[in-house]
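Asker: any chance you can model this:
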Amino acid sequence: MTKGFKSKLGEGGYGCVYKGKLRSGRDVAVKILDKSKCNGQEVINEVMTIGRIHHVTVVRLIGFCVGGSKHALVYDFMSNGSLQKYLFSQGSNNSLSCKKMYYIAVGVARGIEYLHKGCDIQILHFDIKSIVSLTGARGRMGYMAPELFYKNIGGISYKEDVYSFGMLLMEMASRRKNVNVNVNVNVNVEHLSQIYFPSWVFEQLSLGKEIEIGEMTDEEKELVKKMVMVSLWCIQTKPSDRPSIGKVVEMLENEIEGLLMPPKPFLSLREMSKADDRTEMTPSQPELPDPPSHETSSTLSESCH
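Answerer: Now for the predicted structure:
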């Protein structure tokens, strides 16, 4: 199907993805799973979960393989490629308009909302983006929520997906990476805004300043400000302070005038470390959104685009 794995499309936490073609001529994406991370039964369980997903903004699973030497999942092929291809490509042929980026953000949020509440089971994505760590610094300022690293903040729940989406949304709004890897990583944590873009954005909004991100029309400035403010709500340190993904969709679709200024979205790395040193907690069971009527499952699929 992949002609000897000739065309590699990308790589995720569970394996590599290759372009393939069915006998009918239809293009597909084939994810070859790392057997050290998932056995045959786990693949079957995931197929039974992913196979129930039918949503316009979530790629569809169309086949799988658990026999022989390979474990694989076969998905619809996205001819336009991944969002990453367009995210930081200002001034190039791959650049997307601010309005298009906004519509994509709303689509991603709706897809996650479907996974959380629209299926007959609840699916927690947990892999909206791969982790981005900052070498030499305490803590990880990436797409994964702080409760994965600091036990006292809260248990793992669907709010982890909200946090990850918020970090992605910030990058979509700003067209730049959240972490500036070119800054000295030993910079004092009190000056975190030098290396951590969300911190800088929050400071600007708190001072009543405009968020200047290149040349934009008034309409584009409003869209960017709305995306940034929603993002800051999503990346609140404590899961209980973050909105549900349904509320996120509502905030993105409503007028910015009705959007309240978010509180400071994060503790400093020093504050989180001190709090974690003081408190030892056993991770709680996954928290379900209202109404708590769905079963919880993680998925191998990096399926929200």
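
Asker: going along the chain, name the helices of this structure.
Answerer: Along the chain, the stretches classed as helices by DSSP state H are 40-50, 84-87, 98-113, 159-174, 197-206, 218-234, 245-253, 269-278.

Asker: got those helices as TSV, with mean neighbour count, mean pLDDT and distance to T57 columns?
Answerer: All C-beta spots, glycine's among them, are computed from the backbone N, C-alpha and C. Putting the helices of the chain into TSV (neighbours: other Cβ atoms under 10 Å; pLDDT from 0 to 100; distance: least, Cβ to Cβ, whole Å) gives the following:
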stretch	mean neighbour count	mean pLDDT	distance to T57
helix 40-50	16	78	15
helix 84-87	16	82	16
helix 98-113	20	93	4
helix 159-174	24	92	12
helix 197-206	18	87	25
helix 218-234	20	94	17
helix 245-253	19	96	11
helix 269-278	14	51	33
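
Asker: so which of those is nearest I32?
Answerer: Closest of those to I32 is helix 40-50, at 11.4 Å (criterion: Cβ to Cβ).

Asker: just checking, what packs against that closest one?
Answerer: strand 61-65, strand 72-76 (3 or more Cβ pairs under 8 Å, 6 or more residues apart in numbering; DSSP states H and E).

Asker: at 10 Å what do you get?
Answerer: When contacts are defined as 3 or more Cβ pairs under 10 Å, 6 or more residues apart in numbering; DSSP states H and E, helix 40-50 packs onto strand 27-33, strand 61-65, strand 72-76, strand 296-298.

Asker: including mean neighbour count and mean pLDDT, could these go into a markdown table?
Answerer: Output for the helices and strands packed on helix 40-50, formatted as a markdown table (neighbours: other Cβ atoms under 10 Å; pLDDT from 0 to 100):
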| stretch | mean neighbour count | mean pLDDT |
| --- | --- | --- |
| strand 27-33 | 20 | 93 |
| strand 61-65 | 17 | 90 |
| strand 72-76 | 20 | 91 |
| strand 296-298 | 16 | 35 |
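
Asker: I figured L259 hits V248, correct?
Answerer: No. The pair formed by L259 and V248 falls short of the contact definition of Cβ atoms under 10 Å, at 11.3 Å.

Asker: okay if I get the helices of the chain as CSV plus distance to F64?
Answerer: Formatted as CSV, the entries for those read as follows, by distance: least, Cβ to Cβ, whole Å:
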stretch, distance to F64
helix 40-50, 5
helix 84-87, 25
helix 98-113, 21
helix 159-174, 24
helix 197-206, 38
helix 218-234, 32
helix 245-253, 27
helix 269-278, 40
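
Asker: quick one on the thing from earlier: can I get the helices and strands packed on helix 40-50 in JSON lines including distance to K117?
Answerer: Supplementary listing: the helices and strands packed on helix 40-50 in JSON lines, determined by distance: least, Cβ to Cβ, whole Å:
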{"stretch": "strand 27-33", "distance to K117": "26"}
{"stretch": "strand 61-65", "distance to K117": "20"}
{"stretch": "strand 72-76", "distance to K117": "23"}
{"stretch": "strand 296-298", "distance to K117": "12"}
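
Asker: out of those strands, which comes closest to K19?
Answerer: Nearest of the helices and strands packed on helix 40-50 to K19, taken as Cβ to Cβ: strand 27-33 at 6.6 Å.

Asker: thought V43 was touching D34?
Answerer: No. V43 is not in contact with D34 according to Cβ under 10 Å; the separation is 11.1 Å.

Asker: what's the overlap in contacts for those two?
Answerer: With contacts taken as Cβ atoms under 10 Å, 6 or more residues apart in numbering, the residues that reach both V43 and D34 are 14, 71.

Asker: who touches K226 in this structure?
Answerer: For K226, the contact set (Cβ under 10 Å, 6+ apart) comprises 102, 105, 173, 251-257, 259.

Asker: now those residues as JSON lines including distance to I153?
Answerer: Converted to JSON lines, the contacts of K226 look like this (distance: Cβ to Cβ, whole Å):
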{"residue": "Y102", "distance to I153": "30"}
{"residue": "A105", "distance to I153": "25"}
{"residue": "A173", "distance to I153": "25"}
{"residue": "M251", "distance to I153": "23"}
{"residue": "L252", "distance to I153": "25"}
{"residue": "E253", "distance to I153": "29"}
{"residue": "N254", "distance to I153": "29"}
{"residue": "E255", "distance to I153": "32"}
{"residue": "I256", "distance to I153": "29"}
{"residue": "E257", "distance to I153": "32"}
{"residue": "L259", "distance to I153": "25"}
